[in-house]
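K.L.:
A structural model of the following input is requested.
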Amino acid sequence: MTHAAHDGHTIYAKYTEGSITKTATYEISVANAPVSSVTITTHAAEIGFEEDYSISGITPTVLPADAVKTTEWVVSANTVNNDYTWTGTKLTSGNTEGTVTLRCRSTADNSKYDELVVTVTGDPTAEFTPASVSGYVGKSDDIAFTYGNMSDTSLISITSSNSSIAEVDEFVADAGEGLVTVNFVAAGSATLSISYDGGSTLDSITVTISADSVTALTWSAPTIKVYSGATTTASDASSWNVHYTMASGDEGDLSYGEYTLKLGGSSITLPHTWDASEDGKVLSIEYGGFASPTTSTVNVTQTLQAVNASDTSAWDYTFTAKVWSAAGSETLDDKAWTMSGTGNGYWGYDATKGQQFGSGSNPYSALTLSSSAFSGTIASVTVYTSGAKDINATVQVSVGGTAYGDAQTITATNTDYTFDLGGKSGTISIDYVNSSSKAIYIKEIVVNTVSGSHNIANVAGHEAAQKAVVAFAKAFNAAMDTTSGCTTNMSSAWTTAKAAWTTFESDISGLSAAEQTYAKNLIKYATVQWTDDTDEDFSYCLERCLATYEKCVTVHGQEAFMSDVRTFAAAARITPLSFVSGNGNTVAIIVIISMISVTAIGGYFFLRKRKEQ
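P.N.:
Residues are numbered from 1 along each chain as shown. So this is what the prediction gives:
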């Protein structure tokens, strides 16, 4: 029996008969089909620097089926400047980016192959440009970063370690640069991290957030200078120009109600009515817990007192004026005056010039007229001189041996000299010093005296009358501030002042008859409702009001609208009010009125400062 085997190239034969076995072999050659293609399923791969890539997992397909199946792998091309190592089954990259092309080819036919391109890239990189970030609650910021070796920017991930403090909003990236918007939610710190394609953190920075705060607060601090009872309103605050600056750089203007107004460290609201106890307190503003360094010291110096006349009839006084006038004789009134002089002059009379003492040829170098015939308190002495011509002499008045006021130089154009004594007693002396060979002329001497005084009880009540008087004085002075010398712009100013008087009369019309009388007596006689008078608050004083009013009426001919409390007959003025004594309960005053001005008070009310003469 014959049995044949085929192993592809050798045929084996074996024959057995009985105990005899015969074998034989025969070599044959079988021709393979030509290779038509070599294909692989993986054509692209990516590795980083100094990384390996193995082809062991790739199985090539060689067609047709009866073709030679063996293949080999070779490097067919590269763009990495040969910076790689190839073992035949494993590619190891260097540190150069680019591609290495691996070719799988048939060992039977090298023209039949397939290729795999391995891309060599560096590791993904990303870096925040700032080293750290800080900001303020409520703000946001765009934080810059750079990146590399990232083929798909959608795979970039930027996260916050605490979104309740720093919240990542959105980011944009292009051409290796990007910006991420971070919202500053709350005070504190958080870490911002960047990664790629789920990989490890490539870079991180700390974001520190602080609460915003006011760093500067400015305002046009007002001058608060008022009398007690005056009110500052919210509309007054519109001119205060309050401006704030924040630590974040934000700034802006504030209206009243947005900031806190403090007086002496305590909050107040507008409208606010000022009280005497607030004098000297500091007015300031606060915003966001920050106090303005600029402040205003409140000045409430014009304080109304409850100092009133309980019995208005007690305003009646006895007033006396002793007047000497040249009457064609060489004697003075009731021979009360005596004369002594140095020189050889004579005492004569000139019907035009008045009483004449001495002459050009027989002058008096010094002359004294004296009298002790005046009882009561002497308020003032006025000497009227006429026909002085070019005389060079001075006149001085003394009472009880004490000179009052400055010596006055006699001139041809100024012929009346009033010496305000303020209430003195004693012998009156009128002294002349003549330094030229001229006569001394005297036309008239007027001595104003007063007897009678009244204590004003410091009792409660009557504030309404006082405030009405002060309101009128303020309004009158404000009107006069628009004019000059009772002349320029006088028409409208006087109309305004007259309207203020009408308002005053309306204000007191609801008061009792005694209160109305008291209010008008304050204007007529006294200014004791003021507790203080300084150079700074003269513009509100009643003294200035009355002095201005009297001058406008008597000198400049304006209409007298206060005739029910004041009568004007002459321009001569005296000091009508003088403190005699005072304590915490009573104030004694002497009211002095010149007979020349009838019931006119004169130009000056007693205050420590006088605005107008």
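K.L.:
in the stretch 301-450 of the chain, which spans are strands?
P.N.:
318-325, 338-343, 347-350, 354-357, 364-371, 377-384, 393-399, 402-409, 416-424, 428-434, 440-442, 444-451 (DSSP state E, counting those that start in this stretch).
K.L.:
out of the ones you listed, which comes closest to V118?
P.N.:
Closest of these to V118 is strand 402-409, at 117.6 Å (criterion: C-beta to C-beta). In this view, the C-beta of every residue, glycine as well, is placed from N, C-alpha and C.
K.L.:
what is the mean pLDDT for that closest one?
P.N.:
Taken as a whole, strand 402-409 has a mean pLDDT of 81.
K.L.:
Quick check: can you name the pairing partners of it and their directions?
P.N.:
The sheet places strand 402-409 alongside strand 393-399 (antiparallel), with pairing taken from DSSP bridges.
K.L.:
Only the buried residues of the strand it pairs with, if you could.
P.N.:
Residues of strand 393-399 classed as buried: 393, 395-399 (neighbour count, 16 or more other C-beta atoms under 10 Å).
K.L.:
Only the C-alpha atoms, please, for it, written as CSV.
P.N.:
Extracted in CSV, the C-alpha atoms of strand 393-399 (Å, rounded to 0.1, in the frame of the first residue of the first chain):
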residue,chain,number,x,y,z
ALA,A,393,-7.0,174.0,67.8
THR,A,394,-8.2,170.9,69.5
VAL,A,395,-11.2,170.2,71.8
GLN,A,396,-11.4,167.5,74.5
VAL,A,397,-14.2,166.7,77.0
SER,A,398,-13.7,165.3,80.5
VAL,A,399,-16.1,164.3,83.2
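K.L.:
what mean pLDDT would you report for it?
P.N.:
In the prediction, strand 393-399 has an average pLDDT of 88.
K.L.:
Run through who's touching that strand.
P.N.:
Identification of contacts with strand 393-399 by C-beta atoms under 8 Å, 6 or more residues apart in numbering yields 378, 381, 383, 385, 403-405, 407-410, 417, 419, 421, 424-436, 438, 440.
K.L.:
List buried residues within the residues you listed.
P.N.:
378, 381, 383, 385, 404, 408, 410, 417, 419, 421, 424, 428-434, 438, 440.
K.L.:
what about stretch 17-35, how long is it end to end?
P.N.:
Using C-alpha to C-alpha, to the nearest Å, the end-to-end distance of stretch 17-35 comes to 46 Å.
K.L.:
Then stretch 234-247?
P.N.:
End-to-end distance (C-alpha to C-alpha), stretch 234-247: 29 Å.
K.L.:
one step back: would you turn the strands of the stretch 301-450 of the chain into CSV with distance to S200?
P.N.:
Compiled in CSV, those are given as follows (distance: least, C-beta to C-beta, whole Å):
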stretch, distance to S200
strand 318-325, 109
strand 338-343, 121
strand 347-350, 126
strand 354-357, 121
strand 364-371, 118
strand 377-384, 105
strand 393-399, 108
strand 402-409, 101
strand 416-424, 100
strand 428-434, 113
strand 440-442, 118
strand 444-451, 107
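K.L.:
closest one to D279 among the ones you listed?
P.N.:
Between these, strand 416-424 lies closest to D279; by C-beta to C-beta that is 29.2 Å.
K.L.:
Spit out the contact partners of the residue nearest to D174 when sequence neighbours are not counted.
P.N.:
Counting by C-beta to C-beta, 6 or more residues apart in numbering, D174 lies nearest to T153, which is 7.4 Å off, once chain neighbours are set aside. Taking C-beta under 8 Å, 6+ apart, we find T153 in contact with 147, 173-174, 178.
K.L.:
Give me the buried subset of these.
P.N.:
Here, 16+ other C-beta under 10 Å leaves 147, 173, 178 buried among the contacts of T153.
K.L.:
Quick one: residues contacting H243.
P.N.:
So H243 contacts 217-219, 251-254 (C-beta under 8 Å, 6+ apart).
K.L.:
Turn those into a markdown table, including pLDDT.
P.N.:
Formatted as a markdown table, these follow (pLDDT from 0 to 100):
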| residue | pLDDT |
| --- | --- |
| L217 | 96 |
| T218 | 95 |
| W219 | 96 |
| E251 | 95 |
| G252 | 95 |
| D253 | 96 |
| L254 | 96 |
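K.L.:
List only buried entries from those residues.
P.N.:
217, 219, 254.
K.L.:
Show me what the last one is bridged to.
P.N.:
What that stands for is L254. V242.
K.L.:
gap between it and A247?
P.N.:
Between L254 and A247 the distance is 17 Å, computed by C-beta to C-beta, to the nearest Å.
K.L.:
can you check A65 too?
P.N.:
82 Å.
K.L.:
likewise V282?
P.N.:
Taking C-beta to C-beta, one finds V282 at 26 Å from A247.
K.L.:
hmm, back to that, could you dump the buried residues of strand 393-399 to a markdown table with distance to E258?
P.N.:
What follows is the buried residues of strand 393-399, written out as a markdown table (distance: C-beta to C-beta, whole Å):
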| residue | distance to E258 |
| --- | --- |
| A393 | 72 |
| V395 | 67 |
| Q396 | 66 |
| V397 | 65 |
| S398 | 67 |
| V399 | 65 |
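K.L.:
mind showing which ranges of the stretch 301-450 of the chain have poor pLDDT?
P.N.:
301-336, 345-346, 350-352, 375-377, 379, 386-390, 412-415, 420-423, 449-450 (pLDDT under 70).
K.L.:
same thing but 90
P.N.:
Where the stretch 301-450 of the chain drops to pLDDT under 90, the residues are 301-395, 398-430, 432-450.
K.L.:
how about the closest residue to E51 other than its chain neighbours, phi and psi?
P.N.:
Of all residues not flanking E51 in the chain, S93 sits nearest, at 5.5 Å (C-beta to C-beta, 6+ apart). Reported as degrees, to the nearest 10, the phi and psi values for S93 are phi -80, psi 160.
K.L.:
Contact partners for the nearest residue to K551 once chain neighbours are set aside?
P.N.:
Leaving aside its sequence neighbours, K551 sits nearest to C486 (C-beta to C-beta, 6+ apart; 6.0 Å). Counting by C-beta under 8 Å, 6+ apart, C486 makes contact with 480, 548, 551-552, 555-556, 558.
K.L.:
With M490 instead?
P.N.:
483, 552, 556, 558.
K.L.:
Which among these count as buried?
P.N.:
Counted by 16+ other C-beta under 10 Å, the contacts of M490 give 483, 552, 558 as buried.
K.L.:
mind checking how far T39 is from D142?
P.N.:
51 Å.
K.L.:
got it, and L546?
P.N.:
For L546, the distance to D142 - C-beta to C-beta - is 72 Å.
K.L.:
out of the two, which sits in the busier spot?
P.N.:
L546 (26 against 13; other C-beta atoms under 10 Å).
K.L.:
For my notes, confirm the more buried one occurs in a helix.
P.N.:
Yes - using DSSP: H, G, I helix; E, B strand; the rest coil, the assignment for L546 is a helix.
K.L.:
ok so, going back, turn the buried ones among the contacts of T153 into a markdown table, columns for secondary structure.
P.N.:
Listed next are the buried ones among the contacts of T153 as a markdown table, based on three-state DSSP:
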| residue | secondary structure |
| --- | --- |
| Y147 | strand |
| A173 | strand |
| G178 | strand |
